[in-house]
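**Student:** Everything below, folded, please.
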Amino acid sequence: MATEPKNHGKPWTDADVQKLRELAKGNTPTRVIGIKVGRTPDAVQQKASSEQISLKPTNQRPYGTKKR
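**Tutor:** Numbering: from 1, shown residues only. Here you go, the predicted structure:
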């Protein structure tokens, strides 16, 4: 079985929610957001939903690609 994220079972802090907002605004995938805030992708989706943060892409360019 996979190891649990570092913040598993802990309440979300204001800093965690702010980082979630910034990463979601930057078109970051849910899995990557989860890694950066120490949560599972499902936990990220739940918190985004409860905070009314949209995780839908803001543009069509995939995360991590650079314009040439």
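
**Student:** Can you identify the helix in the chain that spans the most residues?
**Tutor:** Longest helix of the chain, by residue count under DSSP state H: helix 14-25.

**Student:** Please spell out which residues along the helix or strand following that one are buried.
**Tutor:** Sequence-wise, the next helix or strand downstream of helix 14-25 (DSSP states H and E) is helix 30-37. Neighbour-count burial for helix 30-37, counted by 16 or more other Cβ atoms under 10 Å, picks out 30, 33-34, 37. Yep, even glycine has a C-beta here, placed from its N, CA and C like the rest.

**Student:** Stretch 38-46 now?
**Tutor:** Quick answer for stretch 38-46 (16+ other Cβ under 10 Å): 39-41, 43-45.

**Student:** any chance of those residues in a markdown table, with pLDDT and distance to residue 15 too?
**Tutor:** Listed next are these as a markdown table, based on pLDDT from 0 to 100; distance: Cβ to Cβ, whole Å:
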| residue | pLDDT | distance to residue 15 |
| --- | --- | --- |
| 39 | 92 | 13 |
| 40 | 92 | 18 |
| 41 | 91 | 20 |
| 43 | 93 | 16 |
| 44 | 94 | 15 |
| 45 | 94 | 19 |
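
**Student:** Make CSV out of those and add distance to residue 3 and secondary structure.
**Tutor:** Listed next are those as CSV, based on distance: Cβ to Cβ, whole Å; DSSP: H, G, I helix; E, B strand; the rest coil:
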residue, distance to residue 3, secondary structure
39, 13, coil
40, 11, coil
41, 15, helix
43, 15, helix
44, 17, helix
45, 20, helix
